[in-house]
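**Student:** what's the 3D shape of this:
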Amino acid sequence: MRAARRGARHRPTAVPFWQLLALQLLSVLPYAFGAVAKLNSDWCFRAQPLRLWVAARLPGLAAGRAPLLAAWARLVFDALMAPALLWPPTRFSVAFPASLLFHLNQRVMCALSARDATVADVAPPG
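**Tutor:** Here you go, the predicted model:
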């Protein structure tokens, strides 16, 4: 038995740390860059283009403060999601469920098919 083990190649039983770190960074980057992209006067003070989207789908909410509150909520969500996903105590208890609920909500609110959601995430606007 030992002779068979000696001739066998050693296979690692754990994933190297750099691969785990690369996967974490890939999942955090969209939230981090999303928060940075929202740090402009159109998003923070005029809630554009969110106000236009709400006016087209829910005309009653477009005139009030709902689009502005939603814009700030999305900015805070994106800004806090990156550290929450990187910090192990909040990764699976808070960040992952919040991200899942957010993306399910986006799919229902925007009525995107799987193809449209992929194109919307990848393609530049316009």
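**Student:** where's residue 70 relative to residue 41, distance?
**Tutor:** Here residue 70 is placed at a distance of 17 Å from residue 41 (Cβ to Cβ, to the nearest Å). The C-beta positions use only the backbone N, C-alpha and C, and glycine is treated the same way.
**Student:** Which of those two has more residues huddled nearby?
**Tutor:** Neighbour count, other Cβ atoms under 10 Å: between residue 70 and residue 41, residue 70 has more, with 16 against 8.
**Student:** ranges for the helices of the protein?
**Tutor:** Using DSSP state H, the helices found in the chain span residues 2-7, 17-37, 41-45, 50-57, 59-62, 66-86, 88-90, 96-110, 114-122.
**Student:** Quick check: buried residues in the second one?
**Tutor:** Within helix 17-37, the residues scored as buried using 16 or more other Cβ atoms under 10 Å are 27-28, 31-32, 34-35.
**Student:** repeat for the fifth one
**Tutor:** Judged by neighbour count using 16+ other Cβ under 10 Å, the buried positions of helix 59-62 are residue 62.
**Student:** Also stretch 68-80?
**Tutor:** Buried, per 16+ other Cβ under 10 Å, within stretch 68-80: 68, 70-72, 74-75, 77-80.
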